[in-house]
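A.B. asks: what's the 3D shape of this:
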Amino acid sequence: MTPTFSYDNPYREISELYAVAAWVSAALMMVFSVSLAPYPSTPFVLFGGVCVGMAALRGSQAAAIWRKQKRLLGHPLAFMTRETLKGICDANPGKVFIGYGFNWSQAEAQLAYTITRHDPERIAARDPDGVGQRWIHGVGEKEEALFIPTDHLKGQTLLAGTTRSGKTRFMDSLIAQAVYRGETVIILDPKSDFDLTECARQACIDAGRENDFVYFHPAFPDKSARIDPLKNWNRPTELASRVAALIPSETGSDPFTAFGQMAMSNIIGGLLLIEEKPSLMLLRRYLEAGPAGLVCVATDAYCEKTFDGDEWRQHLKRQLEGCKADDKERARRYVRFYQEYVAKQKPSSALEGLMSSFTHDATHFGKMVTSLMPVLNMLTAGSIGGLLSPDSLDLRDPRPITDFSRIIRMNKVCYVGLDSLSDALVGSAIGSLFLSDLTAVAGDRYNYSRDHKPVNLFVDEGSELANQPFISMLNKSAGSGVRVCVATQTVGDFAARLGSKDKATMMLGNLNNVFSLRVIETETQEFITNTMGETVVRHVEYGQSTKAEADDPLVFSGTTSESLKETAYPLVPPAMMGSIPNLEFFGRFSGGRVVKVRIPILLNNA
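C.D. replies: Next comes the predicted model:
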């Protein structure tokens, strides 16, 4: 009866070599026998042929095992020119090249388990100049170019890896291919990696899209484009929520945050009444100096649009008789005018909110927005103010003004460096505002646009920028054509940033594709390997026993046993994630396919 499965240890001593030596020796004896023995040569020739055939058979078996063991010594670094990558991209439309590798299934898990039961250092010595265990990639029988369908990227992607494991090189490849496909690319990079900047720029040059590259960096304001993070919104209250979300808070719902958000909502409502575009600079101005001036012009604008004739002007003129030039006194007269005339005929919730902020006790108002002012100050101070609150009427400033809606509409490639190494607080705040703005754009595309051209959003060090709008984007942006790739070092970083492990789990649960380079944090290892599932591994157990009779020492017995057992085992053990060499990763695509991949390093064209 044919067994349902077999078991062999390819990393054992190559015992087939002894059989090869025996068969070769037998063949040589037949050769000598033909010339020395006084018998017919036919039997010796026939048996010699059998010996040669058996030597070849056993030799092929030995060679196969030798090749498997040799692969454990690892592979050299792979290099690829950008021209070659572009050719691969053009030849495989609808697919993304991720590297060279193989499917990781039960067979590969079995071989890895077998190696770890022995001494890996004895089977494949560690490279003293390298990082990680080279034998992990060597268990693959056949390496080939691997691809993932672009449609799978709609499920969003997590890219995990510790420092210097190869995340930037992998993102370089993914970004370049998105540029070659002619798609919109937006890169949010807290570290402001110079290599990543140049990689994106070079990809645009190679694709003939030099004019599509947009560069933003607060440390280089002269070279940077100006991007308004409050440009895109669906409801005015969103703008206040974006800024209020930056206020340091343990719960996100303390009274200071809520009051600051209300105050900004009132000012934004007033700005919209006078058809003034809300900006960070204007919010700071009216919160610091008070909304007295805005109350006056907003009331004038509202009445101009609402009432016919000059009756309201006459009533206002009587209210302002004898009023001093002081803005606060004028604003008080405007409040009285609104209460006595406007509110009785056509009230406005926006005006009432603005006036409530003005009439609020100034001392208490200043205390309640204390936590908000540092956020606005750091986002409007110095050169950053001009970058985030661009003045389109200033013709002396040659720097381009754009926003994420325009970047997507015009199919641009935008690199945003946040300079978090120099100022982590400012970099994180800018990144969070940009993500909130992008979420609003995605929502607008989902609701009103039918032509959802692909948008590729790459977020390096994603935990530094995580916020509630970002969770909403991961959850719902697939329907608007936004493909998000989030890079991180540990999953615990998201819990620390969001203030809740449940929120971190909610965020990570939206990332269907997982690419994991070397990770050394235990929780991250377990999270990633749990998504890859389990398999079974087989191993042989040996046993022996002896028995002697107490009353008759000469009578004894013994037994030996050998059994093959199956055990449930992770498809990829967590500990293995900490031993992956640089520029290698385990990947799990949408649908559960698990692969082991080497990443080629991109070189500029000669």
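A.B. asks: next SSE after the lowest-mean-pLDDT helix or strand in the chain?
C.D. replies: Using mean pLDDT, DSSP states H and E, the weakest-scoring helix or strand in the chain turns out to be helix 120-123, at a mean of 69. Note on helix 120-123: by DSSP states H and E, the next helix or strand toward the C-terminus is helix 135-138.
A.B. asks: got a list of contacts for that next one?
C.D. replies: Identification of contacts with helix 135-138 by Cβ atoms under 8 Å, 6 or more residues apart in numbering yields 71-75, 101, 112, 115, 120, 123-124, 576, 579-581, 584, 596, 598. For glycine as for every other residue, the C-beta is placed from the backbone atoms N, C-alpha and C.
A.B. asks: quick one, helices of the stretch 451-600 of the chain?
C.D. replies: For the stretch 451-600 of the chain, the helices defined by DSSP state H, counting those that start in this stretch occupy 468-476, 492-498, 501-508, 522-532, 574-577.
A.B. asks: any chance of the ones you listed in a markdown table, plus mean neighbour count and mean pLDDT?
C.D. replies: Below are the helices of the stretch 451-600 of the chain laid out as a markdown table (neighbours: other Cβ atoms under 10 Å; pLDDT from 0 to 100):
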| stretch | mean neighbour count | mean pLDDT |
| --- | --- | --- |
| helix 468-476 | 20 | 83 |
| helix 492-498 | 19 | 87 |
| helix 501-508 | 17 | 86 |
| helix 522-532 | 19 | 93 |
| helix 574-577 | 19 | 93 |
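A.B. asks: using JSON lines, lay out the ones you listed together with distance to residue 442.
C.D. replies: Shown next, in JSON lines, are these (distance: least, Cβ to Cβ, whole Å):
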{"stretch": "helix 468-476", "distance to residue 442": "6"}
{"stretch": "helix 492-498", "distance to residue 442": "19"}
{"stretch": "helix 501-508", "distance to residue 442": "16"}
{"stretch": "helix 522-532", "distance to residue 442": "25"}
{"stretch": "helix 574-577", "distance to residue 442": "32"}
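A.B. asks: tell me which of those helices lies nearest to residue 57.
C.D. replies: helix 574-577 (35.2 Å; Cβ to Cβ).
A.B. asks: next one: residue 385 from residue 282, what distance?
C.D. replies: As judged by Cβ to Cβ, to the nearest Å, residue 385 and residue 282 stand 11 Å apart.
A.B. asks: if you could redo that for residue 17, that was the one I meant.
C.D. replies: 82 Å.
A.B. asks: those two: which is more packed in?
C.D. replies: residue 282 (19 against 15; other Cβ atoms under 10 Å).
A.B. asks: so where is this protein shaky, pLDDT-wise?
C.D. replies: Along the chain, segments meeting pLDDT under 70 span 1-9, 120, 123-125, 127-128, 249-253, 553, 590, 606.
A.B. asks: from residue 504, how far off is the most centrally placed residue in it?
C.D. replies: The centre of the chain sits closest to residue 486, judged by Cα atoms, centre = their mean, with a distance of 1.3 Å. According to Cβ to Cβ, residue 486 and residue 504 sit 12 Å apart.
A.B. asks: just to revisit the earlier point, contact partners for the residue nearest to the centre of the chain?
C.D. replies: Contacts of residue 486 (Cβ under 8 Å, 6+ apart): 156-159, 459, 462, 474, 511.
A.B. asks: one more pass at 10 Å, please.
C.D. replies: Residue 486 makes contact with 156-160, 188, 457-463, 465-466, 470, 474, 494, 507-508, 510-511 under the criterion Cβ atoms under 10 Å, 6 or more residues apart in numbering.
A.B. asks: for residue 464, see how far away it is.
C.D. replies: Distance, residue 486 to residue 464, by Cβ to Cβ: 11 Å.
A.B. asks: which residues in the stretch 101-250 of the chain form strands?
C.D. replies: Using DSSP state E, counting those that start in this stretch, the strands of the stretch 101-250 of the chain run over 144-149, 157-160, 184-189, 213-216, 226-227.
A.B. asks: turn those strands into a markdown table, columns for mean neighbour count.
C.D. replies: What follows is those, written out as a markdown table (neighbours: other Cβ atoms under 10 Å):
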| stretch | mean neighbour count |
| --- | --- |
| strand 144-149 | 15 |
| strand 157-160 | 25 |
| strand 184-189 | 25 |
| strand 213-216 | 20 |
| strand 226-227 | 22 |
